[in-house]
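**Student:** here is a sequence together with a model predicted from it:
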Amino acid sequence: MAPLEYRVIRSSRKTLCLQWKNNELLVRAPKRTSEETIAKFVERHRDWVEKRLQKKDAQGVPPPLTEAELEALYRRAREVLPKRVAYFAPLVGVTYGRVTVRCQKTKWGSCSGKGNLNFNCLLMLTPSEVIDYLVVHELCHRKEMNHSSRFYRLVERVLPNYRAPRKWLKEHGGSIIGRRPQ
């Protein structure tokens, strides 16, 4: 059996984890973890890795977006997202500042301490339920700037079925982000 190819990212984390990102297997590891420990960890999770590889092969890798496609996504996002934010803000019970659209490498959205909201234009390639989930998610950060159980109760109050779009994003988000031009 051939060894699996992966890239190690060391940080001040406490645990090991595997992640697919832009068609690459990443191992996130605590700074002092030995190469041997990392290799054993990857091997223990070989079934998970191979299942993801088979899924990617079956789906095929979509081509990167052209500049014209990206510009169309920006325009659509600038049209759609502020309206969704305006709709959900009263339901969450918060105010917000600016709504900005970018083409980010890793994030789908963010909320600053001042209440400014940022969204990835690639959201326009996801189902509307996912867009609404991300909007509500970021608006809920106006009340809870974390991902605690209290935070997710706020999300659930507005979107009782938030787990389905969240799961969709975890399963399909990587291939969408992977279409971002380099």
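**Tutor:** Everything's here; your move.
**Student:** name the residues of stretch 120-127 that are buried.
**Tutor:** Neighbour-count burial for stretch 120-127 flags 120-126 (criterion: 16 or more other Cβ atoms under 10 Å). Yep, even glycine has a C-beta here, placed from its N, CA and C like the rest.
**Student:** among those residues, which are located in strands?
**Tutor:** Mapping the buried residues of stretch 120-127 onto strands (DSSP state E) picks out residue 120.
**Student:** out of the buried residues of stretch 120-127, the closest to residue 136 would be?
**Tutor:** Nearest to residue 136 among the buried residues of stretch 120-127: residue 123, at 12.8 Å, using Cβ to Cβ.
**Student:** what's the separation between that closest one and residue 48?
**Tutor:** From residue 123 over to residue 48 the distance is 27 Å, taken as Cβ to Cβ, to the nearest Å.
**Student:** just residue 76 next, same as before
**Tutor:** In terms of Cβ to Cβ, residue 76 sits 35 Å off from residue 48.
**Student:** so is residue 181 in a helix, a strand, or just coil?
**Tutor:** Secondary structure, DSSP: H, G, I helix; E, B strand; the rest coil: residue 181 is coil.
**Student:** and residue 62, by the same measure?
**Tutor:** coil.
**Student:** next, count neighbours for residue 166.
**Tutor:** Residue 166: 19 surrounding residues under other Cβ atoms under 10 Å.
**Student:** skipping its backbone neighbours, what lies nearest it in space?
**Tutor:** Nearest residue to residue 166 in three dimensions, chain neighbours excluded: residue 133, at 6.1 Å (Cβ to Cβ, 6 or more residues apart in numbering).
**Student:** what helix or strand is that neighbour on?
**Tutor:** Following DSSP states H and E, one finds residue 133 within helix 128-140.
**Student:** how about that helix: buried residues?
**Tutor:** Applying 16+ other Cβ under 10 Å to helix 128-140 flags 129-140 as buried.
**Student:** so the helix or strand just after that helix versus helix 128-140, what angle?
**Tutor:** Next in sequence after helix 128-140, counting helices and strands by DSSP H and E, comes helix 149-158. Helix 149-158 and helix 128-140 meet at an angle of 130 degrees, taking axes from the mean of the first three to the mean of the last three Cα atoms, to 10 degrees as the criterion.
**Student:** sorry, back to before: higher neighbour count, residue 76 and residue 48?
**Tutor:** residue 76 (15 against 11).
**Student:** does that one touch residue 124 like I think?
**Tutor:** Yes. Using Cβ atoms under 8 Å, residue 76 is in contact with residue 124, at 4.8 Å.
**Student:** longest strand of this structure?
**Tutor:** strand 24-30.
**Student:** residues in contact with that one?
**Tutor:** 4-20, 38, 41-42, 49 (Cβ atoms under 8 Å, 6 or more residues apart in numbering).
**Student:** ok, and for that strand, which residues are buried?
**Tutor:** 25, 27-29.
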